[in-house]
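Participant: 3D, please:
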Amino acid sequence: MTTIDWNNLGFNYIKTPWRYRMYWKDGQWSKGELTEDSTLQISEASAALHYGQQCFEGLKAYRRKDGKINLFRVDENAKRLNRSATRLLMPTIPEETFIDAVKQVVKANEDFVPPYGTGATLYIRPLLIGVGDSIGVSPAPEYIFTVFCMPVGPYFKGGLTPTNFIVSEYDRAAPQGTGAAKVGGNYAASLLPGKDAHDHKYSDCIYLDPETHTKIEEVGSANFFGITKDNKFITPKSPSILPSITKYSLLYLAKERLGLEAIEGTVKIDELDQFAEAGACGTAAVISPIGGIQYKDNFHVFYSETEVGPVTKALYDELTGIQFGDKEAPEGWIFVVE
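Facilitator: Next comes the predicted model:
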């Protein structure tokens, strides 16, 4: 096995030995199995290539202090993948099959789960794609479900450091479109706005709602949250936002553990003054504090451009404590890989 410097991992592809593979043909799924083959052979006419009939998930496995391995709310990833699949007329994966596939892949690649205390995790990517010979715009005749994984470092090398964002002129998704589905096209469309933000020295862009362009929707490929000056935790509610598992976990923890009023509601771009702190949240970053937001000619700073706010820090500690097994988890949140 290649020697890995656990303390200096980035967010990059690293080929691990085992992945899970399952095939849909003639109206049913085959028996899934582990394979060492990291290459997918598919028809040149595959619907995933031409028409974007594919969806995916992202989740992590966490090494605990006692050496065991935690999965965090993996059942919610299974449900979300199936919602995405249904939106794109793809066959769903039985929830138990999805969870079992993830557990098998983590167990088989156990040596690649980073040690406790490094901040690094095992990133897991379930993927469902439409394949087979079909050139018309119609659902694919066959499908592949695969799950692979790789060790990744903590998103922030220097700890929780705020970064700045700029409001994009582009829309991330359409009001009745695929914004709530985790499909590749949404991410391909975000590359150009993201590059524009980076070119102007911002961490990423903020997307406004596609209907009125007055409300915050998402932050790059993450969800937005704000802490008001009167201790409310507010995150946007919209049918075109990806329902983030991290976001819903934070809504629960803000209310139940920190005693804040937790609201899924409207966050108007011209009402940022109400917030003492703001951040972005998702599987990859966990929580990314937002220093400031550039909107037209106005640059609004929240808590600080250099330091994380106390509530954001408390939420981060609570969530990561649960994920790594250091804090008691709400019932049903943790799945142990045996």
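Participant: burial count for L242?
Facilitator: 23 (other C-beta atoms under 10 Å). Any C-beta I mention is one placed from the backbone N, CA and C, and that applies to glycine too.
Participant: likewise the one 3 residues further on?
Facilitator: By other C-beta under 10 Å, 23 other residues sit near I245.
Participant: State the distance from the nearest residue to it once chain neighbours are set aside to L40.
Facilitator: Excluding the flanking residues, the one nearest I245 by C-beta to C-beta, 6 or more residues apart in numbering is E76, at 4.7 Å. Applying C-beta to C-beta, to the nearest Å, the value for E76 to L40 is 26 Å.
Participant: More neighbours: which of those two?
Facilitator: Neighbour tally, E76 and L40, criterion other C-beta under 10 Å: the higher count belongs to E76, 18 against 14.
Participant: does that one belong to a helix or a strand, and which?
Facilitator: For E76, the host element (DSSP states H and E) is helix 74-87.
Participant: what's the answer for H198, then?
Facilitator: helix 191-199.
Participant: Please apply the same query to Y123.
Facilitator: strand 121-131.
Participant: What strands line up against that strand, and which way round?
Facilitator: With DSSP bridges as the test, strand 121-131 is paired with strand 54-56 (antiparallel), strand 59-63 (antiparallel), strand 142-152 (antiparallel).
Participant: is it fair to say I287 lies in a strand?
Facilitator: Yes - using DSSP: H, G, I helix; E, B strand; the rest coil, the assignment for I287 is a strand.
Participant: Excluding sequence neighbours, find me the nearest residue to it.
Facilitator: Y316 (4.6 Å).
Participant: Now do the one you found against F299, distance only.
Facilitator: 25 Å.
Participant: repeat for G325
Facilitator: 40 Å.
Participant: Comparing these two, which shows the higher neighbour count?
Facilitator: G325 (19 against 13).
Participant: A strand includes the more buried one, no?
Facilitator: No - applying three-state DSSP, one finds G325 to be coil, outside a strand.
Participant: Identify the residues contacting it.
Facilitator: Y62, R64, K65, D66, K68, N70, I334 (C-beta atoms under 8 Å, 6 or more residues apart in numbering).
Participant: Burial check on the fifth one, number of neighbours?
Facilitator: This points to K68. 13.
Participant: Once you drop chain neighbours, what's closest to it?
Facilitator: Closest to K68 by C-beta to C-beta, 6+ apart is V336, at 5.8 Å.
Participant: which stretch of helix or strand covers V105?
Facilitator: Applying DSSP H and E, one finds V105 within helix 95-108.
Participant: which residues touch that helix?
Facilitator: 17-20, 22, 29, 32, 34, 59, 61, 69, 71, 74-75, 77-79, 81-82, 93, 113, 122, 124, 126, 145, 147-149, 335, 337-338.
Participant: Show me which of those residues are buried.
Facilitator: 18-20, 22, 29, 32, 34, 59, 61, 69, 71, 74-75, 77-79, 81-82, 93, 113, 122, 124, 126, 145, 147-149, 335, 337 (16 or more other C-beta atoms under 10 Å).
Participant: Domain-wise, how is the chain divided?
Facilitator: Domain ranges of the chain: 6-152, 163-323, per automatic domain parsing.
Participant: Nearest to P330, out of those?
Facilitator: domain 163-323 (6.6 Å; C-beta to C-beta).
Participant: could you give me the average pLDDT of the closest one?
Facilitator: Model confidence over domain 163-323 averages 96 on the pLDDT scale.
Participant: Ok, which of the domains of the chain comes nearest A329?
Facilitator: That would be domain 163-323 among these, by C-beta to C-beta, at 4.6 Å.
Participant: The closest one: end-to-end distance?
Facilitator: 24 Å (C-alpha to C-alpha, to the nearest Å).
Participant: Stretch 195-212 too?
Facilitator: Stretch 195-212 end-to-end distance (C-alpha to C-alpha) = 24 Å.
Participant: what does stretch 262-273 give?
Facilitator: 18 Å.
Participant: Offset the numbering so it begins at 3, please.
Facilitator: Got it, first residue is 3 now, which makes that one stretch 264-275.
Participant: quick one: buried residues of it?
Facilitator: A264, I265, V269, I271, L274.
Participant: next one: phi and psi at E219?
Facilitator: Backbone torsions for E219, taken as degrees, to the nearest 10, come to phi -110, psi -70.
Participant: do the same with I44
Facilitator: phi -130, psi 160.
Participant: Kindly report the same for the one 3 residues further on.
Facilitator: The phi and psi torsions at A47 (degrees, to the nearest 10) take the values phi -100, psi 10.
Participant: tell me the contacts of it?
Facilitator: G134, D135, S136, I137.
Participant: which one is L83 nearest to, not counting chain neighbours?
Facilitator: Closest to L83 by C-beta to C-beta, 6+ apart is E59, at 5.0 Å.
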